[in-house]
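S.K.: build me a structure from this.
(one chain, ligands or ions: 2)
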Amino acid sequence: MLITNIKALVGVHPKETYFLRGSELNQLPVLENAWLLLENGLIKDFGPMGSLPSSSAKLETLDAKGRFVFPSWCDSHTHIVFAAPREEEFALKIAGKTYEEIAAAGGGILNSANKLQNATEDELFESASIRLKDMIKQGTGALEIKSGYGLTVESELKMLRVIQRLKAAFPIPIKASLLAAHAYPAEFKEDHQGYINLIINELIPLVAQEKLADYIDAFCEKGFFSLEETALILEAAAKYGLKPKIHANQLSVSGAVQLGIQHQAVSVDHLEETDEEVLTSLSESNTIATLLPSCSFYINIPFANAKGLIEHNAIVALASDYNPGSTPSGNMNFVVSLGCIKLKMTPQQAINAATINGAAAMELSEQVGSIAIGKRANLMITRPMTSLAYLPYSFGQSQIETVILNGEIYHG
Ligand SMILES: N=CN[C@@H](CCC(=O)O)C(=O)O
Ligand SMILES: [Zn+2]
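M.R.: Ligands and ions are numbered 1, 2, ... in the order given. Here you go, the predicted structure:
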């Protein structure tokens, strides 16, 4: 397929760009008045309209007149496998209860775990598929999905098998993270070591044997998993080649970011709470700081210090955190808008953070995240727009008209 008359081809980074750090995030290369050739599911070539090869006349052509072409969003942090939404907690939140208060009163993650334990694999696959189709229509072309609402060996495996089925059924790259350390199940409330032993001695070996996860994750936070407990789990997972991507500093400055860095985490995610030490620890580190502004928006917690992280030369990514409790939305367009409006990122920084750096946070930069020859043709074509900034500016309205996955128009 040949796409012609593209007003601007966005994110034409050099092919070898793996991630963008600090001020590099300001560079979002754009080719104006361009054509783009897709072949065998990949980006074959692109260039300015003046250089359109004459042989292209025979090709199936899509005229993009006035529209922008972006690489698909790369959403590196989601929890889209869940049994039921939690809108009953919405009323409590509106009435002023905090995330921690709702969780302590038996809501939160344990509420989702009870529901998931009673759901079948087929039911979970069906409901997650509906969510994923919606996300794809909103421009997501690669994502990570976590377990963590099972909290028993059987139910964590059930979640990961659902993710494995999603990997096979959907035409986009998907990575899976084992997040059994999401909350202590009620029966282990007073026996943390018992649950950790279960994760280390039973779950991780089974997950590794069936190759059900790409990463290990933990909710390292006061009231959830301590630094020491998280470290035990990360060390056990490392023996099976599972790298960490961890939930860090969502509710407090806990040391979780530094712990992640020590364990060569691919990413440390959330970071709503930071201090100078946290910012400094991420300078020069290859651990990616993944920020989740839709979570801050929904549960009214501080927005992460994206500007400080960028000034400290960190690698910053943006992701949705789609889950039934703290972020009931997987809309990456809204995430990018919040990146600009609340995190004070420029449109260029926010778009880079949600594409190439999101890809890096899933170790997928060689395949997706920018427009480069040989990468997967996972793209979105906007409505006619006046400028690139119109996309985050027009928050809450989708500017995406056409989604292309592996070189073909996605009809869902
Ligand atoms: N913080 C931990 N996990 C999720 C929320 C999970 C839930 O409330 O169900 C998050 O990333 O925000
Ligand atoms: Zn999360």
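
S.K.: what residues are up against the residue of the chain found nearest ligand 1?
M.R.: Proximity of the chain to ligand 1 (Cβ to the nearest ligand atom) peaks at Gly325, 2.4 Å away. C-beta here means a position set from N, CA and C on the backbone, and glycine is covered the same way. Contact partners of Gly325, counting by Cβ atoms under 8 Å, 6 or more residues apart in numbering, are 86, 89, 99, 102, 107-109, 111-112.

S.K.: quick one: these as TSV, columns for pLDDT too.
M.R.: Listed next are the contacts of Gly325 as TSV, based on pLDDT from 0 to 100:
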residue	pLDDT
Arg86	93
Glu89	91
Tyr99	84
Ile102	89
Gly107	84
Gly108	91
Ile109	94
Asn111	93
Ser112	96
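
S.K.: just the CA atoms of the strand or helix carrying Leu166, as PDB, please.
M.R.: Assigned by DSSP states H and E, Leu166 belongs to helix 153-169. The C-alpha coordinates for helix 153-169 follow below in PDB (Å, rounded to 0.1, in the frame of the first residue of the first chain):
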ATOM      1  CA  VAL A 153      -1.300 -19.700  41.700                       C
ATOM      2  CA  GLU A 154      -4.300 -20.900  39.700                       C
ATOM      3  CA  SER A 155      -5.800 -17.500  39.000                       C
ATOM      4  CA  GLU A 156      -2.500 -15.800  38.200                       C
ATOM      5  CA  LEU A 157      -1.800 -18.600  35.600                       C
ATOM      6  CA  LYS A 158      -5.400 -18.100  34.300                       C
ATOM      7  CA  MET A 159      -4.700 -14.400  33.700                       C
ATOM      8  CA  LEU A 160      -1.400 -15.100  32.000                       C
ATOM      9  CA  ARG A 161      -3.000 -17.700  29.700                       C
ATOM     10  CA  VAL A 162      -5.600 -15.100  28.700                       C
ATOM     11  CA  ILE A 163      -2.700 -12.700  27.900                       C
ATOM     12  CA  GLN A 164      -1.100 -15.500  25.900                       C
ATOM     13  CA  ARG A 165      -4.400 -16.000  23.900                       C
ATOM     14  CA  LEU A 166      -4.600 -12.200  23.300                       C
ATOM     15  CA  LYS A 167      -1.000 -12.300  21.900                       C
ATOM     16  CA  ALA A 168      -2.100 -15.000  19.500                       C
ATOM     17  CA  ALA A 169      -5.400 -13.400  18.500                       C
END
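
S.K.: just the mean pLDDT for it, thanks.
M.R.: Helix 153-169 comes out with an average pLDDT of 98.

S.K.: do it and ligand 1 meet?
M.R.: No - contact of helix 153-169 with ligand 1 (Cβ under 6 Å from any ligand atom) is absent, the minimum separation being 12.8 Å.

S.K.: buried stuff in that helix?
M.R.: Across helix 153-169, burial judged by 16 or more other Cβ atoms under 10 Å covers 155-166.

S.K.: stretch 55-75 now?
M.R.: Within stretch 55-75, the residues scored as buried using 16+ other Cβ under 10 Å are 62, 64, 67-75.

S.K.: go on, stretch 189-205?
M.R.: If you call a residue buried by 16+ other Cβ under 10 Å, then stretch 189-205 has these buried ones: 195-196, 198-200, 203-204.
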